[in-house]
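1. what shape does this take:
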Amino acid sequence: MAPSPIQNTKPCSPFYQYEPLRSSATSIRLLRIANHKIDGKEEGLPIFFLVHIHCTPEQPPLQPYEAISWAWDAPSHRDTCTLSMNGTNLAISTNMYHILQRLIPAEPGARRLVWIDSICINQADPVEKAGQIPLMTTIYKNATQVLAFPSPSSPQSALSVPVAGAFAAKLDQHVRGRELCAALGIQLGNADSSCGIPSDPNGRTAFVQLVRNRFWTRAWIIQEMVVARSVSIRSMNDDKSNDIADLDFDLLGRVAMAFKTIGPKTQSPLLELEGWADANEARAFRRGIDLITRLQDFGRATRGAPYTACPTVC
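-> Numbering: from 1, shown residues only. Model prediction:
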């Protein structure tokens with residue numbers, strides 16, 4: 001069997017050469033990822049191919065595609081892996097190596113189109129980059145969905161978004177239960193107020209890791225997620241089925257908002273999550289909660305409207 005087109009090794013000759021865009025201001029590239037049975041290719045191997053698409057704010061792409069939101073690796077982990085296309089090799093980072101593994105369609109004969117900045121823009125061409133950056137709002141706004149991939153805190157660790165998502169769903173149910181009781185005029189005593197809070201140390205740890213992740217501090221995250229139709233948060237290193245949405249951002253935003261509106265003002269059991277031994281960890285968690293709620297608010301206010309940067313989050 002031929003080697004996989006995604007390799008965890010540095011690229012070697014022949015190196016991939018980008019075909020110039022007709023105009024960097026009116027066209028973009030999309031990465032086509034096809035299952036191994038398309039075009040009669042060898043079974044077990046995905047196929048990667050860059051296609052050129054017309055794109056302007058007035059005429060966004062007609063083809064359905066997804067856009068990727070992710071954090072670039074540290075310089076020491078860039079250009080460490082290989083993506084092979086048309087018999088030539090393109091250098092990719094360690095994080096992108098894991099993301100591409102998750103993007104391969106699961107169904108035989110299936111294909112998908114995705115936009116990824118590090119691959120779809122020729123990073124070695126400053127003129128092209130200058131023309132593509134103004135199109136990024138249009139790209140993220142018109143994608144069928146944005147797939148967000150927070151990075152693990154270190155190459156040795158794993159961030160389990162499914163575990164964090166399951167815990168967030170339990171917290172969301174608890175918050176909704178409290179709101180329903182308040183709407184019905186039911187008073188919760190101190191003994192009853194803890195009912196419904198999940199006792200799940202692994203879920204708590206994964207949830208805290210997700211909220212504290214540096215992913216939420218990126219300036220680019222505003223235009224990537226605020227204008228998106230929908231955002232699905234996914235694990236980078238999990239072995240889950242590729243096309244399962246691990247955590248919907250709206251759910252995470254609701255839970256984060258509960259910490260902002262319920263936790264600080266009352267003796268809510270949600271505060272149990274803030275029993276920190278390290279003050280720096282507590283500050284990082286609260287900062288993550290604050291950034292997530294701002295993204296949620298900006299998304300509700302600007303979704304479907306032209307994007308304007310908000311310097312308070314940057």
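
2. which ones are touching L90?
-> Neighbour list for L90: P11, F15, Y16, T82, L83, S84, I119 [criterion: Cβ atoms under 8 Å, 6 or more residues apart in numbering]. In short, each C-beta sits where N, CA and C put it, glycine included.

3. got the CA coordinates for whichever strand or helix holds it in PDB?
-> Using DSSP states H and E, the element containing L90 is strand 88-92. What follows is strand 88-92, C-alpha atoms only, in PDB (Å, rounded to 0.1, in the frame of the first residue of the first chain):
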ATOM      1  CA  THR A  88       4.600  16.900  -4.300                       C
ATOM      2  CA  ASN A  89       5.000  17.700  -0.600                       C
ATOM      3  CA  LEU A  90       3.800  20.700   1.400                       C
ATOM      4  CA  ALA A  91       5.200  21.400   4.800                       C
ATOM      5  CA  ILE A  92       2.500  21.600   7.600                       C
END
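
4. which helices and strands sit right next to the next helix or strand after that strand?
-> Going down the chain from strand 88-92, the next helix or strand is helix 94-103, by DSSP H and E. Helix 94-103 makes packing contacts with strand 6-7, strand 66-70, strand 81-85, strand 145-149 when contacts are defined by 3 or more Cβ pairs under 8 Å, 6 or more residues apart in numbering; DSSP states H and E.

5. right, and those strands - which one's nearest N35?
-> strand 6-7 (14.0 Å; Cβ to Cβ).

6. on that earlier part again, what's the most distant pair in the contacts of L90?
-> F15 and I119 (14.1 Å).

7. neighbour count for those two, which is higher?
-> I119 (23 against 11; other Cβ atoms under 10 Å).

8. helix or strand: which one has that one?
-> helix 117-120.

9. cool, and K129?
-> With DSSP H and E as the test, K129 turns up in helix 126-132.

10. go through that helix and flag the buried ones.
-> Judged by neighbour count using 16 or more other Cβ atoms under 10 Å, the buried positions of helix 126-132 are E128, G131, Q132.

11. next SSE after that helix?
-> Counting by DSSP H and E, the element after helix 126-132 in chain order, helix or strand, is helix 136-142.

12. name the residues that touch that next one?
-> 28, 55-57, 60-61, 67, 69, 115, 117, 146, 223-225, 227-229, 306-307.

13. among those, which ones are buried?
-> 28, 55, 60-61, 67, 69, 115, 117, 146, 223-225, 227-228, 307.

14. count the neighbours of N86 for me.
-> For N86, the count of nearby residues is 12 (other Cβ under 10 Å).

15. over to the closest residue to it other than its chain neighbours. Which of the three states is it?
-> Leaving out its chain neighbours, the residue that sits closest to N86 by Cβ to Cβ, 6 or more residues apart in numbering is F49, at 7.3 Å. Of the three states, F49 takes strand under DSSP: H, G, I helix; E, B strand; the rest coil.

16. now do the contacts for F49.
-> F49 sits in contact with L31, R32, A34, M85, N86, where contact means Cβ under 8 Å, 6+ apart.

17. the fourth one bridge partners, please.
-> Each beta-bridge partner of M85 is listed here, defined by DSSP bridges: T88.

18. now do the same for it: its pLDDT.
-> The score at M85 is 91. That number is its pLDDT.

19. which residues touch it?
-> Counting by Cβ under 8 Å, 6+ apart, M85 has contacts P5, Y16, F48, F49, L50.

20. alpha carbons of stretch 213-229, as CSV, please.
-> Extracted in CSV, the C-alpha atoms of stretch 213-229 (Å, rounded to 0.1, in the frame of the first residue of the first chain):
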residue,chain,number,x,y,z
ASN,A,213,-7.1,27.2,26.6
ARG,A,214,-5.1,29.9,24.9
PHE,A,215,-7.3,29.4,21.8
TRP,A,216,-9.8,32.0,23.2
THR,A,217,-7.1,34.7,23.6
ARG,A,218,-6.3,34.9,19.8
ALA,A,219,-7.2,38.2,18.1
TRP,A,220,-8.2,36.4,14.9
ILE,A,221,-10.9,34.4,16.8
ILE,A,222,-13.3,37.4,16.6
GLN,A,223,-13.7,37.3,12.8
GLU,A,224,-13.5,33.5,12.7
MET,A,225,-16.3,32.8,15.2
VAL,A,226,-18.4,35.9,15.7
VAL,A,227,-19.7,36.0,12.1
ALA,A,228,-20.0,32.2,11.7
ARG,A,229,-23.4,30.6,11.0
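
21. mind checking how far it is from the chain centre?
-> In this view, stretch 213-229 has its centroid 9 Å away from the chain centroid, taken as Cα atoms, centre = their mean, to the nearest Å.

22. and for stretch 110-124?
-> 15 Å.

23. same check on stretch 159-166?
-> 13 Å.

24. all good on my end, thank you.
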